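Chemist: can you look at this prediction? I've put the sequence above it.
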Amino acid sequence: MTKYRRSVVPGTPGAAALPLVAIVGRPNVGKSTLFNRLTRSRRSIVGDEPGITRDRIYGEYEWAGRQFRLVDTGGIVPDDPELIPTEIYAQAKVALEEADALVLVVDARTELASPDYDLVRLLLRGGKPVFLAANKVESEAMAAAAENYRQLVLRNVFAISSEHGLGIGDMLDAISDAIPAPPEAVPTKEEVQAAREAEAAEDAVTAQAETAAWEGTEEDAEVAEPHPDEKALHRSHGEFEIHETSVAIIGRPNVGKSTLLNALTGTSRAIVSPVAGTTRDAVDELVEFEGSQFRFVDTAGIRRKGKTHLMAEKMSVVMARRHLEAADVALLILDATDGVTAADATIGGYAHESGRSVIIVVNKWDAVTTGRTDGKPPADREIFETQLRSVLKYLSYAPVVFLSALEGTGMGRVLNEVKSVAAERRKRVTTGQMNRFLEKIDFQRASVPMSKRVRIFYMTQAAVAPPTFILFTDRDIKLHFSFERFLENQIREAFGFKGTPIWFKVRARNAEKKE
């Protein structure tokens with residue numbers, strides 16, 4: 001059986017133990033293009049505007065049978081006094097400290113300048129192997145020009161083209177040779193014997209199930225419940241091995257998404273500034289909580305198309321939507337000082353329609369309560385939540401958390417809600433339970449026009465994440481919204497499914513006859 005687990009940020013178990021290669025350089029030299037080329041992804045936003053990448057972006061690549069981690073950094077301008085360049089430099093320094101090898105990317109089409117010498121001195125100070133990648137070399141003439149960069153007194157100089165994939169192999173060979181391969185672990189006799197016994201037991205169970213399915217009924221073919229020590233699987237449209245829960249942090253610009261990520265992880269992982277739109281690339285961090293693993297992904301602030309002008313801003317919004325649609329749970333961040341806006345409702349609609357579980361996080365709550373300075377009385381939590389529910393009616397199933405990311409209050413509540421909602425998202429109800437549930441429901445209470453009423457013969461849960469139910473009915477019509485809402489409320493009252501949308505699909509008995 002093929003086991004697969006999609007993640008917001010592709011990664012392999014144990015990736016943190018892999019050797020790390022850092023890509024560094026001045027702005028707009030092609031670092032993100034090289035990162036995307038090696039990781040075979042479009043993780044980093046690429047464009048002609050300098051300074052697009054700001055935070056550290058991690059990925060993995062394979063070369064010569066070995067696995068490596070890779071980190072893309074923002075353009076380094078050490079002496080720039082501005083806030084964001086200073087924060088970019090601070091993030092890059094973290095990557096330099098944790099890396100095993102450094103790749104300095106330069107633009108071969110430009111002349112050597114004093115910042116190049118300053119950057120080389122900074123890198124050599126760490127005592128780690130440095131490889132110079134003279135990028136954008138796409139002709140013999142450019143290859144000759146790239147030789148000028150040997151003046152930087154670096155032994156390993158490679159003329160490459162990140163966009164076209166030229167010359168990269170030689171550089172990767174040199175990097176692989178510079179980083180010693182870890183000694184291969186030789187399995188003991190006991191481990192080999194245990195693996196053989198486990199494989200034989202799995203084959204026996206599979207054979208038993210196949211025999212039962214051939215000779216008996218579908219009920220006879222059911223395999224026994226898995227052992228508690230076995231890896232947890234949940235079924236959606238296939239088998240998914242649960243490594244971690246992906247949590248996308250979404251919201252308008254400048255509502256505190258990056259501050260929340262830093263508070264949850266206890267680090268300065270994401271750049272935080274009062275400038276709206278600081279985050280562009282998605283920044284992720286893994287958090288372990290009570291035996292569960294959550295990968296929090298800080299996304300760029302989502303705004304209307306008419307409000308985005310630079311290409312990097314447009315791409316960051318597209319990538320934020322993409323990361324949302326790949327996540328399991330979405331934290332919808334609201335700014336308590338602004339209340340619930342139309343933009344918040346639109347972003348919440350994106351999460352709801354894509355089937356993500358949702359937790360509503362009201363940030364900056366201290367600014368309207370204990371830390372209020374405008375002379376007005378402190379905000380009332382119940383009144384605020386009532387107003388919130390009236391605007392976000394379609395998210396009635398989503399729990400609400402009030403906190404202050406800046407003060408670090410309410411983080412435990414967020415983690416508990418994520419764990420609870422993730423479990424509800426993967427909950428499965430048996431067909432027998434659903435049919436017994438149907439027998440108890442009085443559908444006459446549903447305020448549905450007679451022409452839109454349907455009779456449900458039985459229903460079954462076809463998938464999880466999100467929970468999807470198939471209704472077998474007497475008519476081939478779309479469920480009336482009142483009927484669907486009534487049925488959803490009854491299901492939630494009986495089985496829970498807190499924080500997650502519920503999807504319905506209808507199959508009518510007379511549908512096959514019409515075809």
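Modeler: Good, I have the coordinates. Numbers count the residues shown, from 1 in each chain.

Chemist: give me the element residue 284 is part of.
Modeler: Take DSSP states H and E as the rule and residue 284 turns out to sit in strand 283-289.

Chemist: partners of that strand, with directions?
Modeler: Neighbouring strands of strand 283-289 in its sheet, by DSSP bridges, are strand 292-298 (antiparallel).

Chemist: not counting its own residues, what contacts the partner strand?
Modeler: The contact list for strand 292-298 (CB atoms under 8 Å, 6 or more residues apart in numbering) reads 7-9, 243-249, 257-258, 260-261, 264-265, 269-270, 279, 282-288, 323, 327, 331, 415, 418-419, 422. C-beta: built from backbone N, CA, C; applies to glycine.

Chemist: out of those residues, which are buried?
Modeler: Neighbour counting with 16 or more other CB atoms under 10 Å marks 7-9, 243-249, 257-258, 260-261, 264-265, 269-270, 279, 282-285, 287, 323, 327, 331, 415, 418-419, 422 as buried within these.

Chemist: in strands only, show me these.
Modeler: In strands, judged by DSSP state E, the following of the buried ones among the contacts of strand 292-298 are found: 245-249, 283-285, 287, 331.

Chemist: okay, these in JSON lines with pLDDT and distance to residue 109 next?
Modeler: Shown next, in JSON lines, are those (pLDDT from 0 to 100; distance: CB to CB, whole Å):
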{"residue": "245", "pLDDT": "94", "distance to residue 109": "45"}
{"residue": "246", "pLDDT": "94", "distance to residue 109": "39"}
{"residue": "247", "pLDDT": "96", "distance to residue 109": "42"}
{"residue": "248", "pLDDT": "96", "distance to residue 109": "38"}
{"residue": "249", "pLDDT": "96", "distance to residue 109": "38"}
{"residue": "283", "pLDDT": "82", "distance to residue 109": "30"}
{"residue": "284", "pLDDT": "85", "distance to residue 109": "33"}
{"residue": "285", "pLDDT": "87", "distance to residue 109": "36"}
{"residue": "287", "pLDDT": "91", "distance to residue 109": "42"}
{"residue": "331", "pLDDT": "98", "distance to residue 109": "43"}
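
Chemist: residue 70: which of the residues you listed is nearest?
Modeler: residue 284 (14.0 Å; CB to CB).

Chemist: touching, that closest one and residue 59? I think so.
Modeler: No. Here residue 284 does not reach residue 59: they are 10.5 Å apart, not a contact under CB atoms under 8 Å.

Chemist: next one: stretch 473-484 to chain centre, how far?
Modeler: Remark: stretch 473-484 is offset 35 Å from the chain centroid, using CA atoms, centre = their mean, to the nearest Å.

Chemist: what does stretch 107-115 give?
Modeler: 36 Å.

Chemist: report the rounded mean pLDDT for that stretch.
Modeler: Confidence for stretch 107-115, expressed as mean pLDDT, is 87.

Chemist: quick one: pLDDT of the residue lying closest to residue 304 once chain neighbours are set aside?
Modeler: Nearest in space to residue 304, with sequence neighbours left out and distances taken as CB to CB, 6 or more residues apart in numbering, is residue 343 at 7.2 Å. If you check residue 343, the pLDDT there is 93.

Chemist: now swap in the one 4 residues further on and tell me
Modeler: At residue 347, the model reports a pLDDT of 95.

Chemist: that one contacts residue 252, correct?
Modeler: Yes. Judged on CB under 8 Å, residue 347 makes contact with residue 252 at a distance of 6.9 Å.

Chemist: find the residues that touch each one of those two.
Modeler: Residues within reach of residue 347 and of residue 252 at once, by CB under 8 Å, 6+ apart, are residue 302.

Chemist: more neighbours, the two?
Modeler: Neighbours were counted for residue 347 and for residue 252 using other CB atoms under 10 Å; residue 347 has more, 25 against 20.

Chemist: who's in contact with the more buried one?
Modeler: Residue 347 makes contacts with 250-252, 302, 332, as judged by CB under 8 Å, 6+ apart.

Chemist: ok, it to residue 288 distance?
Modeler: According to CB to CB, to the nearest Å, residue 347 stands 28 Å off from residue 288.
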